[in-house]
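Novice: What would the 3D arrangement of this be:
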Amino acid sequence: MTIGIIGTFDTKGIEFAYLQGRIRAHGADTLTVDCGTGGDPVFPPDVPAAEVAQAAGTALETLWKRGDRGEAVAAMARGAAVMAARLFAEGRLHGLISLGGSAGTTIGTAAMRTLPVGVPKLMVSTLASGDTRPYVDTKDICMMYSVVDIAGLNRVSTAILDNAAGAIVGMCRAPTGLDSGPGTRDSGPAQRPLVAATMFGVTTPCVTRARELLEAAGCEVLVFHATGTGGRAMEDLVRSGFISAVLDVTTTELADELVGGVLSAGPDRLEAAGAAGVPQVVCPGAIDMVNFGPPDTVPQRFRARTFYHHNPTVTLMRTTPEECAELGRITARKLSAARGPVTVAVPLQGVSAIDREGQPFHDPAALTAYVAALKAGLGPQVKLMELDAHVNDPVFAEGVASEIIHALRSLSAPTG
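Specialist: Residues are numbered from 1 along each chain as shown. Predicted structure coming up:
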């Protein structure tokens with residue numbers, strides 16, 4: 001077992017040397033990658049900084065001459081990402097650890113984000129108690145707050161580094177459920193297909209019932225919270241080959257991307273499964289809403305719209321019929337380009353817990369506009385199911401789960 005240690009060995013060399021010693025004391029091997037650009041490393045690395053710079057398409061001497069710290073950090077982050085992916089592909093590391101301030105965290109986590117989910121990743125950072133989204137993104141990076149600055153060894157910093165060494169070694173020694181490889185997870189004598197599902201609080205009953213049915217049919221279901229990062233994390237796993245089928249009940253992130261909410265998953269949402277040829281069942285779950293923070297964070301241009309205060313930190317805004325029509329067109333365009341089997345399932349009585357008769361977001365005209373635009377744009381290869389039910393009715397959950405089960409069985413059936 002070899003643990004990669006990546007960081008700036010010129011400015012943090014003493015701390016990295018201590019960390020290396022603690023990891024070795026636990027019986028693990030190490031592979032050190034220097035990303036420093038300010039001078040000679042405190043100890044000889046296994047991979048020198050010049051090699052990292054070269055992986056970024058530049059030369060260490062060039063970075064020295066220019067003296068631009070921002071440029072140097074960006075370059076070494078690129079190089080660190082290339083090196084980490086390469087070393088992992090070669091089987092030379094089984095986990096990755098780093099430490100640093102803003103520059104070190106940028107470099108270390110750039111490398112970690114290239115590694116597959118399930119590979120241990122630990123970042124000891126002065127930034128770990130703040131907004132870590134730019135560093136973690138969609139990967140399972142463990143952020144440990146350093147408490148004190150990483151500037152010398154003392155009774156606090158050594159305690160933190162001792163724990164970090166123990167944590168990364170323990171993670172690397174522990175088997176994970178992803179050890180069986182892409183698309184399946186070890187489940188004794190058989191391997192169960194992995195199904196990804198998207199969920200919001202307002203679509204929970206649907207996904208819960210569908211998950212129960214899929215698990216009873218022999219599937220393993222990974223549920224992703226459709227918060228922007230959740231949708232992107234799901235699609236990263238699809239692109240990595242881990243997912244056998246997608247039950248995309250909750251496509252609300254498309255509404256945030258279109259209208260300008262805070263939970264967008266980006267312009268490429270709803271494309272990964274199609275590009276990979278993975279079977280998918282897609283529903284307009286929670287497209288009736290765009291997400292914002294507390295009420296005073298809602299942009300002024302929306303103040304005349306219909307709102308629902310989900311809780312003190314989440315304000316939901318009702319999408320208009322025109323916006324829903326555009327969401328129908330976007331969905332149709334993306335799904336019509338899919339290489340694998342696709343079903344669109346539409347619950348005609350409402351798409352969220354607050355979009356049904358008597359609830360604040362109930363607007364049949366908006367759903368009608370969505371369906372009309374969807375039908376106009378769908379290619380002939382996409383199956384359309386219109387169910388006279390609400391998204392959270394058991395019959396709807398049973399219908400979409402059956403579609404997934406049928407698609408998986410069709411793929412596994414012998415041909416010829």
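Novice: nearest spatial neighbour of residue 345, skipping sequence neighbours?
Specialist: residue 385 (4.4 Å; C-beta to C-beta, 6 or more residues apart in numbering). All C-beta atoms are positioned from the backbone trio N, CA, C, and that covers glycine.
Novice: Could you name the specific helix or strand carrying residue 208?
Specialist: Element membership for residue 208 (DSSP states H and E) is helix 204-216.
Novice: Residues touching the next helix or strand after that helix, excluding its own?
Specialist: For helix 204-216, the following helix or strand on the C-terminal side (DSSP H and E) is strand 220-225. Contacts with strand 220-225, where a contact means C-beta atoms under 8 Å, 6 or more residues apart in numbering, come from 185, 187, 192-200, 207, 210-211, 214-215, 230-231, 233-234, 237, 243, 247.
Novice: Quick one, which of the residues you listed are buried?
Specialist: Using 16 or more other C-beta atoms under 10 Å as the burial test, the contacts of strand 220-225 include 185, 192-200, 207, 210-211, 214, 230-231, 233-234, 237, 243, 247 as buried.
Novice: if we can go back for a sec, output the helix holding residue 208 as PDB, restricted to C-alpha atoms.
Specialist: Output in PDB follows, covering the C-alpha atoms of helix 204-216 (Å, rounded to 0.1, in the frame of the first residue of the first chain):
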ATOM      1  CA  THR A 204     -38.900  11.900  -1.600                       C
ATOM      2  CA  PRO A 205     -42.000   9.700  -1.500                       C
ATOM      3  CA  CYS A 206     -41.600   8.800  -5.200                       C
ATOM      4  CA  VAL A 207     -37.900   8.000  -4.900                       C
ATOM      5  CA  THR A 208     -38.300   6.100  -1.700                       C
ATOM      6  CA  ARG A 209     -40.900   3.800  -3.100                       C
ATOM      7  CA  ALA A 210     -39.000   3.300  -6.400                       C
ATOM      8  CA  ARG A 211     -35.900   2.500  -4.400                       C
ATOM      9  CA  GLU A 212     -37.700  -0.100  -2.400                       C
ATOM     10  CA  LEU A 213     -38.900  -1.800  -5.600                       C
ATOM     11  CA  LEU A 214     -35.600  -1.600  -7.300                       C
ATOM     12  CA  GLU A 215     -33.800  -3.100  -4.300                       C
ATOM     13  CA  ALA A 216     -36.400  -5.900  -4.200                       C
END
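Novice: And the contacts of that helix?
Specialist: Applying C-beta under 8 Å, 6+ apart, the set of residues contacting helix 204-216 is 195, 197-199, 221, 223, 247, 249-250, 283, 285, 353, 391-394, 396-398, 400-402, 404-405.
Novice: Out of the residues you listed, list just those in strands.
Specialist: Among those, the members found in strands (DSSP state E) are 195, 197, 198, 199, 221, 223, 247.
Novice: Check those and tell me the two furthest apart.
Specialist: Of all pairs drawn from those, the widest gap by C-beta to C-beta lies between 195 and 199 and measures 12.5 Å.
Novice: Could you tell me the backbone phi and psi angles at residue 350?
Specialist: phi 140, psi 150 (degrees, to the nearest 10).
Novice: show me the contacts for the closest residue to it other than its chain neighbours.
Specialist: Sequence neighbours aside, residue 356 is the residue nearest to residue 350 in space, at 3.9 Å (criterion: C-beta to C-beta, 6+ apart). For residue 356, the contact set (C-beta under 8 Å, 6+ apart) comprises 349, 350, 362, 390.
Novice: okay if I get those as TSV plus neighbour count and pLDDT?
Specialist: Shown next, in TSV, are the contacts of residue 356 (neighbours: other C-beta atoms under 10 Å; pLDDT from 0 to 100):
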residue	neighbour count	pLDDT
349	18	97
350	23	98
362	17	97
390	21	98
